[in-house]
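Visitor: got a sequence here, can you model it:
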Amino acid sequence: MKNNIVAFKSKVFALRCIRLYKYLVSEKKEYVMSKQLLRSGTSIGANIKEALRGQSKSDFYAKLNISLKEASETEYWLELLNESGYIENNFFEGIYSECQEIISLLVAITKHQKEQ
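Guide: You can find the predicted model right below:
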């Protein structure tokens, strides 16, 4: 996975989402948005992993598009958690920028795949 930067970064990001979920549930007693964040944040890497084992170029492209959608959803949940006061700005900025970096990578890959 370390050879594939988007797969590596998405796994690191998923682990960070898991830790954030644990914090939100245990410390902040927030269960709804944190569960959504957990689901979408870990789904990004799962779909990338599936894409890497895709049966065809169209399968690869479809799975990466699902990853991109999940990353966009994760971005939304992070924004809500921050704007509602569940996560502080200093923590939010780091995890949010990681999410945006993954989105940028996925956009570049899917755009390149679409052009071929």
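Visitor: which helix or strand in this protein has the lowest average pLDDT?
Guide: Per-element confidence for the chain was summarised using mean pLDDT, DSSP states H and E. The lowest value among helices and strands belongs to helix 89-115, with a mean of 92.
Visitor: buried residues, that one. List them.
Guide: Residues 92, 95-96, 98-99, 102-103, 105-106, 109-110 are the ones in helix 89-115 that count as buried (16 or more other C-beta atoms under 10 Å). C-beta: built from backbone N, CA, C; applies to glycine.
Visitor: what packs against it?
Guide: helix 5-26, helix 57-83 (3 or more C-beta pairs under 8 Å, 6 or more residues apart in numbering; DSSP states H and E).
Visitor: how many degrees apart are the last one and helix 89-115 in direction?
Guide: Counting by axes from the mean of the first three to the mean of the last three C-alpha atoms, to 10 degrees, helix 57-83 lies at 160 degrees to helix 89-115.
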